[in-house]
Every structure is written in C-alpha cells, then in structure tokens.
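I'd like to go over a predicted model; first the sequence, then the structure.
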Amino acid sequence: MFKNMIVYRIAAQWEGSLEQLEEALQTTPFMACGATQEKSAGWVPPRGEAHGLLAESVGGQWMLRFMSESKMLPASVLNRKVQEKADAIEKEFGRKPGKKEKRDLKDEAKLDLLPMAFTKQSSMWVWIDPQAKFLVLDTGAQGKADEVVTLLVESLKGFGVALLDTQTSAQAAMAHWLLTQEAPVGFSIDRECELKATDESKAVVRYARHPLDIDEVKQHVEHGKLPTKLAMTWDDRVSFVLTDSLQLKKIGFTDTVLDQAGDEGGFDTDVAIATGELSRLIPDLIEALGGEGRTEIGQPARSETHAKESAEAAQAATALDDAPF
C-alpha cells in the first residue's frame, strides 16, 4: 500500500462519520464502461470482496479504493476509420467532407470502434485519518488526485480539503539540506537527487546511487540549480523520494518495519503497517519544513503557486541565514 503520497489537510469543521462516508460513496460505485463509454470511475470495496463495504475502518483509519477504467483507442486507428468514411462519401457523392462534417464523422467512427476497444483499469488507495484530519492519496499524478478529491467533495456534505502546505517550501528546504549536508532531525539523506536550473537553460543534473555529501552537489545548488527530487529515509523505517511539490514517491518500508510485522498478511495487517508508520512520518516531515500555515483551505493549491515557490527557494539557497530551520 502507498507507493506514492499526495497529502491534503481536511477542514477542521468536518465531522463526518464512517456511516455517512459509506452512504456518500454508495452514490458513485464503480461500474465497468458500457459499449460506447470511453471512461468510467467510482468506488470499489477496498477488501476486494464483492458487495463489500466501500469504506473500511482499521484501527480508526478509514480506507477507500478508487477505480477507473478507460477504453484504449489509438489515434491512428480512429483516423483511419474517419478517412474510410470520408472516402466513402467522396466516392458516393463526388465531394470531400467539410470540416464540420469531418468532426461528425470522427464522432461516428469513435462510436463504431469503442465496443471493440480494449479497456485499461487502474486503482488508487485513499486513506482518511479522521482524527489527524489528513486525506492521503496513493498517486504521484496531480490530475488523478484532483479527480478523486472532486468526487469526495461533491459527495460528502461539508467536506473541504487543501493540499498540505508548509511554512518552508520543500524545494527551499531540500536546497538547505544539500548545502549544509545535514538532514533534519529524524531523517537521513539517501543517494538519489535531481537538480534543475532556474534560468533559461533548464539544465538538469541527476544523481542515482551516488553519495550527495560532496562539494559538487553544493556547487550546483550555489550556481542556481534547485532540487526537484531528493531521496530520504525517516527514522530508519520508511524510505521515500521527496519532490518540490511536496509529494512523496517510491515509498518503501525498511526491513526494520517488515521484520516487526512478521509473516502475517492480509488487508488489516497491511493497513495497520502503512497507516501506523505514515501517520507518524507526516507530522515529522511537516515539522522539518517549518510547520503548516501558508495556504488556507479553499485557497489556491500548491500547484498554482509553484512558480512563486521556486523564487522563494532560490532566495533561501543564497540566504541561508534567513531560512527558518
């Protein structure tokens, strides 16, 4: 569970119950695409049992599973079908279809082909911590996260969220850690990093399986290349890659955690391990980034202010004495 994480802060005033959540999810269950339907999305039982609950609680943590399905219709196949229809019109009526008619032919061709198209399914773990007021999505794609958040906000009365935001941007913090070659308390810096220039060159430097406590890395940051990814480990228990948009990717549990879990498996054990570790990691990461406080729920999300944050990070990298660490 949870190879990636996008974290949201849930509005403090929301006090929904598990029963209300289940009722809301039942309004949009997942159903496979119909013959001429391009995409379908909704909720499935997280335990994988047919007709099971759509919202499960394990140790007070609520788990959901979002499923989407889309028809795979290659553009080349669709264009060929449209051309066949256009050629048939030219042969029968002695004229070429106009632009509007071609658009109509494209819609017709799509309806003809969709029943024969292959389908692709993908799913996403969704975790709600009702006590700590966190919504956590197992995805690294903001577009997919937006789809799930929209569905929840529309279904749950009074449910509001904002992307997790911190006093110090992740990019400024990562630049500081690399320059000082010192990780925040409770964390260690691993052997993977990506740096990007902020000027017109957009130059990129990547390190993989390489020590980062070297002068070369410091020089790149001092010369204007800012970190967009940095591999870290928390408390010798969870490894991950932190991004400049405050996402966590490549999440993995260390042997210390897995050994403690033993040979027991199953849904409840997996949920308990994942939420138990990550519910302690998130507050520690927030503290390492100066605490919460820059974006109020209902205000523009982090993705809308990324350009401004890059400028903040550049200033932080060249004026470390002013950074709040």
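Nice, I can see it.

Not counting sequence-adjacent ones, nearest residue to Leu21?
Excluding its sequence neighbours, the residue lying closest to Leu21 (C-beta to C-beta, 6 or more residues apart in numbering) is Ala55, at 4.6 Å. Bear in mind the C-beta positions are built from the backbone N, C-alpha and C, glycine included.

Tell me the pLDDT of Ala55.
Model confidence at Ala55, expressed as pLDDT, equals 97.

mind listing what it touches?
18, 21-22, 25, 46, 62-64 (C-beta atoms under 8 Å, 6 or more residues apart in numbering).

let's see 7 Å
18, 21-22, 25, 62, 64 (C-beta atoms under 7 Å, 6 or more residues apart in numbering).

swap in Val44?
Neighbouring residues of Val44 by C-beta under 7 Å, 6+ apart: 30, 65, 67.

Now for the residues you listed, which sits with the most neighbours around it?
Within those, most neighbours by other C-beta atoms under 10 Å means Arg65, with 20 neighbours.

which neighbours does the helix or strand that contains that residue have in its sheet, and in what orientation?
Using DSSP states H and E, Arg65 sits within strand 61-72. Strand 61-72 pairs in its sheet with strand 39-44 (antiparallel), strand 56-58 (antiparallel), strand 118-129 (antiparallel), by DSSP bridges.

Dump the contacts of Val44 to TSV, plus distance to Leu195 and pLDDT.
Output for those, formatted as TSV (distance: C-beta to C-beta, whole Å; pLDDT from 0 to 100):
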residue	distance to Leu195	pLDDT
Phe30	41	96
Arg65	36	97
Met67	37	97
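
So which of the residues you listed is the closest to Ile6?
Closest to Ile6 out of the contacts of Val44 is Arg65 (15.9 Å), distances taken as C-beta to C-beta.

measure that closest one to Ala41 for me?
Using C-beta to C-beta, to the nearest Å, we find Arg65 at a distance of 12 Å from Ala41.

With Gly59 instead?
To Ala41, Gly59 is 28 Å away according to C-beta to C-beta.

wait, Asp129 sits on Ser279?
Yes - contact criterion C-beta atoms under 7 Å: Asp129 and Ser279 qualify, at 6.1 Å.

Name the spans of the protein whose pLDDT lies under the cut-off.
262-263, 294-325 (pLDDT under 70).

repeat that with 80
Along the chain, segments meeting pLDDT under 80 span 260-265, 293-325.

mind listing the strands for it?
6-10, 39-44, 56-58, 61-72, 118-129, 134-137, 161-163, 187-197, 204-208, 225-234, 238-243, 248-253 (DSSP state E).

and the ones you listed, which is most packed in?
Scoring the strands of the chain by mean neighbour count under mean count of other C-beta atoms under 10 Å gives strand 134-137 as the most buried, with a mean of 24.

Pull the distance from that strand to the chain's centre.
10 Å (C-alpha atoms, centre = their mean, to the nearest Å).

What helices and strands are in contact with it?
Other elements packing on strand 134-137 under the criterion 3 or more C-beta pairs under 7 Å, 6 or more residues apart in numbering; DSSP states H and E are strand 6-10, strand 118-129.
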